[in-house]
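# Sequence and predicted structure, then a few things I'm wondering about:
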Amino acid sequence: MATSPVLLLGIDGRSGAGKSTLAAELATALRRHREVALFHLEDIYPGWDGLEAGTHAYVTEVLAPLARGEAASWNGWDWAANATGPRSALSPAPVVIIEGVGAGCAAARELLDALVWVQVPDETRKSRALERDGEVFAAHWDRWAAQEHAYLDGDAVPEHADVTVENRADGSAPDHVLRVLKALPRCSSVLSPERTESAAQAPAHTVLRAAPDAAALFEALYAGADHAVLLESSNLRFADPRQRNRYSIMAAATTENCAVYEHRGGAGMLREGTATARFTGGFFEWLARSWDAAGFLPEQGELPFVPGWLGYLGYELKRETGGSDIRPAPGATGQPADAALIRPSRVVVVDHHESTVHLLATAAADADGFFDRVRELLARLPAAVPVPAPLDPAPAFASHDDRPAYLGKVRAAQEQIRLGNSYEVCLTTSLRAQAVPCDPWENYLRLRAANPAPFAHYVRFGDMAAASTSPERFMSIGADGWMRAEPIKGTRPRGATPEADLALVQELATSSKDRAENIMIVDLLRNDLSHFADPGTLSVPRLCAIESYATVHQMVSTIDARLRPGAPRAEAIAAAFPAGSMTGAPKVSTMEILDTLEDGAARGLYSGAVGYFSATGAADLSVVIRTLVMGRGSSPGGWDLSLGVGGAITADSSPEEEWDEVRTKAFGVLSALGSVFPGQ
């Protein structure tokens, strides 16, 4: 009876790319858990002019039968005699690896589960090929190369590959390829033993007695890294009844043991060392495979994060949770990915309450060397990182909406509320400055000094960076399954005197409008969390509490619930995304209204979330507000700056007061840069 292979894997690339060695070493690694069959296309090419004929024979005589679960048989080729050789056969196996020029041709791609394209610089391919095959190949190199050119001119195989690997011939490629294969949807279930092994490996962990300035330590370790994340509890001088200021977490993708994932418009790209995988599908589908379904480590004491993924989820992921698909305008530059995350091999967690520094490193990341380096840095770290001087000249921002336009949009939102299409519309606009000479990290230092916050963060992904002083938690999930959302609705500026400040607190606390805004979002988030929660655990332990920060007072509520046993954590996060405090209620219909009111402009990172997904199953994500998003501009050394601001519109909102709230919320970021609100 025929038995279909579980996985058909093709490995293609030009001569000298190292396909044969990669296939053999990958087969050896995979054989730890199942039988693997290996087929080399050189066994079926009918001579030195036989690339096209051999590729056709491979598809019809080898690949097609194997895909049907039948044994393959073909006429081999005797290269020494330059004649047809004996009949050969290959039986199906749980995994079949096929390597050679032509393995990924168009006819084969319909039958393969995954295709790997192996790349090597042209100047080294020939020397590698001749080193392996000697002078026999040298006499035929040009004629064979011409066939390869014709094959690739007619079929853009690399563009269709699921995985591309830069093969340095240093032994790293098989491990890197296997790591990305585990993330491909069509491979993940077959490679579940390898996935389980990876998830079960707890990192090395040591604890140092120290109380460093988190930003100073990050600057010493990672400020120059292209892919880095700092999640900083920076408002340590403010009251912290909810223990949101306890930990700061920092990491970067600085070694080949790390991974970088980016998601754009329904397609993901995962880089693991020298290998890159591309695949279609939703971000939250990928998150479920790569985090939720990978299996979780036991809780690691009180550590909030064990590697794990860190990074951001942009607002445009709403396309996966009921919202429409808004894309950047044609010709727009510097647009960040819809989502971007790193999986670091080394992590620093600063416990501000206990004055300790936790260091974690995976087995392959030279844990001892990393621990020694941080110890040495802590011994000479400054007590506080210096705040850079103000930008000179200060960036001149322009507003997407001037005052009359914004007031008109507020009234349009109120008309939608009157018609019954929404109860609350969280309208936003943006301020932008182009080609500003600045350093993104220094901008973060300016912001954190001017407006400390429990969910401050700095993220850097290549040509994009974000500096934030966000005070708002979007959603957290503990390793024990407890979920928490803490929406903010209601804002007042700080007063010039203690008496004026207290009066503003009282005004906010007693404002029926602000309480109504907050309570509507609380109801929305109770519903969001209820999709995957034990109903009896849903509670609101804080309703319309007032929290004070350096530049504003905020009205904050807390919603708690516990996940049902076995409930999918990635889906629980998706059910609440984007944050209701940035959309309004009901969420889906209000997002449609916002798409129109905001002129169809993509919010990008603003209104999304930043945070972590721990290997223990814990997650904590903040709302991206009070955030300066920076994209590398067209001028050398210049960055395009964007600041999103807005507020919740209800039936009794005053358009003029809503415009004043926009200005209040922008003040903290603008003043840190030395800038003023446009038109002021």
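On my side now, so go ahead. Residues are numbered from 1 along each chain as shown.

# which regions of the chain lie under the pLDDT threshold?
Across the chain, the stretches falling below the confidence threshold (pLDDT under 70) are 1-4, 133-136, 236-242, 327-334, 680.

# Is P437 bridged to anything, and to what?
Assessed by DSSP bridges, P437 has beta-bridge partners G638.

# who's in contact with it?
Under the criterion of Cβ atoms under 8 Å, 6 or more residues apart in numbering, the contact partners of P437 comprise 637-639. From N, CA and C alone the C-beta is placed, and that goes for glycine too.

# Next: A570.
In this structure, A570 makes contact with 284, 287-288, 291-292, judged by Cβ under 8 Å, 6+ apart.

# can we see that at 6 Å?
A570 makes contact with 284, 287-288, 292 under the criterion Cβ atoms under 6 Å, 6 or more residues apart in numbering.

# Let me have those residues in TSV, extended by secondary structure and neighbour count.
TSV is the format used below for the contacts of A570 (DSSP: H, G, I helix; E, B strand; the rest coil; neighbours: other Cβ atoms under 10 Å):
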residue	secondary structure	neighbour count
F284	helix	22
L287	helix	26
A288	helix	18
D292	helix	20
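
# Phi, psi for E110 please.
Note on E110: backbone dihedrals following degrees, to the nearest 10 are phi -70, psi -20.

# quick revisit: ok, of the contacts of P437, which one's closest to E320?
Comparing the contacts of P437 against E320 with Cβ to Cβ picks out W639 as the nearest, at 29.3 Å.

# Quick check: closest non-adjacent residue to the closest one.
Taking Cβ to Cβ, 6 or more residues apart in numbering, and ignoring the residues beside it in sequence, W639 has M630 as its nearest neighbour in space, at 4.6 Å.

# Check the offset of the particular helix or strand that has that neighbour in it from the chain's centre.
Taking DSSP states H and E as the criterion, the element that holds M630 is strand 627-632. Counting by Cα atoms, centre = their mean, to the nearest Å, strand 627-632 is centred 16 Å from the centre of its parent chain.

# list the helices and strands that strand packs on?
Here strand 627-632 touches strand 464-470, strand 638-649, going by 3 or more Cβ pairs under 6 Å, 6 or more residues apart in numbering; DSSP states H and E.

# one more time with 7 Å
helix 440-450, strand 464-470, strand 638-649 (3 or more Cβ pairs under 7 Å, 6 or more residues apart in numbering; DSSP states H and E).

# quick revisit: please pick the buried ones from the contacts of P437.
Under a neighbour-count criterion of 16 or more other Cβ atoms under 10 Å, the subset of these counted as buried comprises W639.

# follow-up on the earlier one: was I right to think the residue nearest to W639 contacts A465?
Yes. Distance between M630 and A465: 4.6 Å, which falls inside the contact criterion (Cβ atoms under 7 Å).

# any shared contact partners between the two?
Residues within reach of M630 and of A465 at once, by Cβ atoms under 7 Å, 6 or more residues apart in numbering, are P440.

# ok so, going back, please name whichever of the helices and strands packed on strand 627-632 is nearest to G85.
strand 464-470 (55.7 Å).

# sorry, back to before: buried deepest among the helices and strands packed on strand 627-632, which one?
By mean neighbour count, with neighbours taken as mean count of other Cβ atoms under 10 Å, strand 464-470 ranks first of the helices and strands packed on strand 627-632 at a mean of 26.
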